[in-house]
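S.K.: Mind looking at a prediction? Sequence and model below.
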Amino acid sequence: MNLYDCKILLIDDNAELVSMISGILTKSGFESIYTAGSCSSGLEVFLKEEPQLVILDIMLPDGDGFTLFRRLREQSQVPILFLSARDEDNDRLFGLGLGADDYITKPFLPQELLLRIHAILKRVYFSSVQLPKEEKVLILGKREISFENAQVTAEGISVSLTAKELLLLKKLNQNRGKIVTFDAICQAVWEDSYYGYENTLMVHIRHLREKIEEDPSHPVWIQTARGLGYRLKKEEGQR
C-alpha cells in the first residue's frame, strides 16, 4: 500500500465544504474518500470501511465531534484530524488532549490541509519504510555540516550544533526541496505537535540559520513557507 491508497473518511455536515475537500483529495491522488454528515452515519461508515484517516468536524447535527472521537477510539487507534470553525484555545487543547493527531480551523489553505494529511499518514503508516542511507555530510555553499560530529565548518572554523538543531536540520534535509510542516518538524524534534512550540521552533530556526547561513537576516538555505513550515533549498541543478 502506498500513501494514496489510504482510505480517508470525512465527517462534516457542510455539503459544500465536503465537496471541496473531496475534490482537493481526489485531485492530489487519493482514490478512496468516504463522507458522512452526522455522528451516526460517520460511525456507520467508519465501521464498514475501516479508513486509515478520519477528518472530523466538531459541530455535527446529532452530537459533537469530541464525543464521536471517543466512540471511534473505542474501536480503533486510527489517526483523527479535527476540522472546525471553532478556533478557541480551549477547544484545540481539549481535542489534542483527547489524543487527536491534529487540529485545523476553517478557513484553511488547501495545501495546508494536504500537508497535514500527508504528515499524519507518513508518520503513522510509513515511518518504518526503508529510507535511503542518510548522508553523513551536507554542503551548503561554503559550509560543510557533519551529521556524525554535529559540526558546521567554514574556512577552517567549526561550530557545534545542539542536539535539537541537528534533528531539525536532518528532518529538513530528508525532505530537501519540499515544505516540511511545523507539526512534522515538531514531531521529529520534540515528538509532539506544533501547539505550544511556536516560539521554541522559531528560536531554534534562528539559531540554526546563524550557523549555516552567510546572512542569517536574509536566509538562503532555510526558507520559510509562511503559515505552513520550512524548506531546505536544493542546490542549483539538484533533483
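M.R.: Right, received. Where do you want to start?
S.K.: who touches the residue lying farthest from the centre of the chain in this structure?
M.R.: Note on the chain: the largest separation between a C-alpha and the mean C-alpha position, by Cα atoms, centre = their mean, falls on Gly156 (37.1 Å). Residues in contact with Gly156 (Cβ atoms under 8 Å, 6 or more residues apart in numbering): none are found. Heads up, the C-betas are built off the backbone N, CA and C, glycines and all.
S.K.: i'd like the first residue to be 755 from this point on
M.R.: Right, with 755 as the first residue, what we last looked at is Gly910.
S.K.: Helix or strand for Met822, just tell me which one.
M.R.: Actually, residue 822 is Leu rather than Met. Assigned by DSSP states H and E, Leu822 belongs to helix 819-829.
S.K.: neighbouring contacts of the helix or strand encompassing Gly796?
M.R.: Taking DSSP H and E as the definition, Gly796 sits inside helix 793-803. Residues outside helix 793-803 that contact it (Cβ under 8 Å, 6+ apart): 761, 763, 765, 786, 788-790, 808, 810, 814, 816-819, 821-822, 825-826, 829-830.
S.K.: Report the distance from the helix holding Leu822 to the chain centre.
M.R.: The chain centre lies 22 Å from the centre of helix 819-829; the measure is Cα atoms, centre = their mean, to the nearest Å.
S.K.: That helix vs helix 793-803, what angle?
M.R.: 30 degrees (axes from the mean of the first three to the mean of the last three Cα atoms, to 10 degrees).
S.K.: in helix 819-829, what counts as buried?
M.R.: 819, 822-823, 826 (16 or more other Cβ atoms under 10 Å).
S.K.: can you check stretch 908-918 too?
M.R.: 908, 915, 918.
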